[in-house]
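# Here is my input, please return the structure:
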Amino acid sequence: MPFDIVQFIRTNKMIFIWVLFFALVYVARSYGLFGLLFITFILCFTFNNVIHWLCSRTRIHRVVWTIAVYLIFLAVIVTILSFVLPKLVFETRSFVQKLPEMMDKLSQFLDKTAVQSPDMAVPVVRIKKFLSVENIAGTDLEGLFNVVVGWFNQVTSYVSYFLLGTLFSFLILLDFPALRRQTAALRTSRLKDFYEIMAESVAQFAMTVGTAFQAQMLIALANTMMTAVGLWVLGIHPIVLLCTVVFFCGLIPVLGVFISSAPILLVAFNSGGPTLVFWALVMVVLVHLFEAYVLNPRIISVVFKISPLLILIIVYLGHVFFGLWGMLLGVPVSVFIYRHFIVGAGAVAADGALEKSTEC
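A predicted model of the protein is given here:
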């Protein structure tokens, strides 16, 4: 029997459609568009919930609320950029310039410890190797400094990138009901096969990733505010830089705790020695105990419902195979794959309940 390529594609159309979908995602990532698409998606997801909530409690038209929400958002962003960004750039350059001195001071302390306690000589050597800049950053001090300075020299382009995502999300939400109707009309078009296979799955995927990332942002914001208070009480500076690191690392489940704590402890050691390191460690532990026993059970566990150990494994593997995006999206994507493709119908029902809860 001759091989019929058309019949083969029709028989395996689900596979081909999913391959096409992931091929488009890969192309977007290759051309640097994935970050813009992700920012646009997160803003759409977050602000659509806010606008829906406001519309459900007032008689004001959706367009008016959309414009009001984005005007407030832009006012907040411009205020933050005006006051925080210059200080952040200054503190980062100062921190990188002082980094060799900090590392030398830490190395001298470890050498002194090894001399006073010969039994600690071998562990000290291993700790010094582990804490070296080359091991942590993958480059020497000069290379790290050039990378950081180059990154901040491009800060204008990153801000433009974010504002462009904000504009796209605003245009989408401004006419969201009409866009939703036009998308639903695809079920009667020539793309009906694509729509029938992808629509529900993409909707569930967007709900899982959006809800998970939104929850993680709340966690990161809460951790940043508590850490800022702790750093101010202990007199550890630079506060703006360290809190920025805490916020962005807070978007990475579990592993972000360890990444963000390292610079805090290093600065504390350089400023006040082992005593200040102890109190800084106490502060970090208290903040993350509050996260683990108060915030996580109320926010993260509702979304993920998986153990922290499994989250840590997923984040590590995501970093190995996909880099930063793997760390940020590894957990929600894994949860989606498990619930939608492995568990099946039960996951769809759970996601439906989750969608209703986010609309309340």
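# mind checking the longest helix of the chain?
Scanning the chain for the helix with the most residues, using DSSP state H, yields helix 62-116.
# by contact count, what packs against that helix?
helix 34-57, helix 121-130, helix 141-153, helix 155-174, helix 239-250, helix 255-290 (3 or more CB pairs under 8 Å, 6 or more residues apart in numbering; DSSP states H and E). To be clear about C-beta, it is placed using only N, CA and C from the backbone, and glycine gets the same treatment.
# Would you mind listing the buried residues in stretch 232-247?
By neighbour count, and taking 16 or more other CB atoms under 10 Å as the criterion, the buried residues in stretch 232-247 are 234, 236, 238, 239, 240, 241, 242, 243, 244, 245, 246, 247.
# okay, residue 12: pLDDT?
Model confidence at residue 12, given as pLDDT, is 62.
# Of the helices and strands packed on helix 62-116, which is nearest residue 96?
Go through these one by one with CB to CB and the one that ends up closest to residue 96 is helix 141-153, at 4.9 Å.
# any idea how far residue 111 is from residue 117?
11 Å (CB to CB, to the nearest Å).
# neighbour-wise, which of these two wins?
Between residue 117 and residue 111, residue 111 has the larger neighbour count (other CB atoms under 10 Å), namely 14 against 11.
# Could you report the pLDDT at the more buried one?
Note on residue 111: pLDDT of 77.
# now do residue 224
At residue 224 the predicted local confidence, pLDDT, stands at 90.
# For it, give me its contacts.
The neighbours of residue 224, taking CB atoms under 8 Å, 6 or more residues apart in numbering as the test, are 243, 246, 247, 250.
# The third one reaches residue 222, doesn't it?
Spelled out, it's residue 247. No - counting by CB atoms under 8 Å, residue 247 stays clear of residue 222, with 10.1 Å between them.
# Tell me how far the residue nearest in space to the middle of the chain lies from residue 263.
Per CA atoms, centre = their mean, the C-alpha nearest to the average position across the chain is that of residue 251, at 3.5 Å. When CB to CB is the yardstick, residue 251 and residue 263 sit 16 Å from each other.
# next one: residue 169
32 Å.
# next one: residue 322
24 Å.
# So for the two, which sits in the more crowded spot?
Taking residue 322 and residue 263 together and counting by other CB under 10 Å, residue 263 has the greater number of neighbours (18 against 15).
# Near residue 279, how many other residues are there?
Close neighbours of residue 279, defined as other CB under 10 Å, add up to 16.
# Might you report the residue contacts of it?
The neighbours of residue 279, taking CB under 8 Å, 6+ apart as the test, are 234, 268.
# i'd like the first residue to be 818 from this point on
Happy to do that; since the first residue is 818 now, the last one works out to residue 1096.
# so who does residue 1093 touch?
By CB under 8 Å, 6+ apart, the contact list for residue 1093 reads 1051, 1053, 1085, 1086.
# which stretches of the stretch 968-1117 of the chain aren't confidently modelled?
Low-confidence regions of the stretch 968-1117 of the chain, defined here as pLDDT under 70, cover residues 968-974, 1014, 1071, 1113-1117.
# Excluding chain neighbours, what is closest to residue 1107?
Counting by CB to CB, 6 or more residues apart in numbering, residue 1043 is the residue found nearest to residue 1107 once chain neighbours are left out, at 6.8 Å.
# Ignore what I typed, I meant residue 875.
residue 882 (7.7 Å).
# count of residues packed around that neighbour?
19.
# Check it and give its pLDDT.
pLDDT for residue 882: 92.
# for residue 1164, same thing?
44.
# now swap in residue 1142 and tell me
Note on residue 1142: pLDDT of 72.
# wait, it sits on residue 843?
No - with contacts counted by CB under 8 Å, residue 1142 stays clear of residue 843, the gap being 11.8 Å.
# before we move on, the earlier item: please work out which of the helices and strands packed on helix 879-933 is packed deepest.
Of the helices and strands packed on helix 879-933, the one with the most neighbours on average (mean count of other CB atoms under 10 Å) is helix 1056-1067, at a mean of 21.
# The nearest residue to residue 1067 once chain neighbours are set aside - how many residues pack around it?
Spatial nearest neighbour of residue 1067, excluding adjacent residues (CB to CB, 6+ apart): residue 1037 at 2.9 Å. A count of neighbours around residue 1037, defined by other CB under 10 Å, yields 20.
# correct me, but residue 1037 touches residue 1060?
No - if you go by CB under 8 Å, residue 1037 and residue 1060 don't touch, sitting 10.5 Å apart.
# thinking again about what came up before, how much space separates the residue nearest to the centre of the chain from residue 876?
Plainly put, residue 1068 is 37 Å away from residue 876 if you go by CB to CB.
# which ones are touching residue 1109?
Remark: with contacts taken as CB under 8 Å, 6+ apart, residue 1109 is in contact with nothing.
# Please report how far it lies from residue 1051.
Using CB to CB, we find residue 1109 at a distance of 21 Å from residue 1051.
# Could you do residue 889 as well?
Between residue 889 and residue 1051 the distance is 34 Å, computed by CB to CB.
# Please state the offset of stretch 1135-1142 from the chain centre?
Offset of stretch 1135-1142 from its chain centre (CA atoms, centre = their mean, to the nearest Å): 12 Å.
# Contacts made by it with the rest, please.
Applying CB under 8 Å, 6+ apart, the contact partners of stretch 1135-1142 are 846, 851, 1143, 1144, 1146, 1147, 1148.
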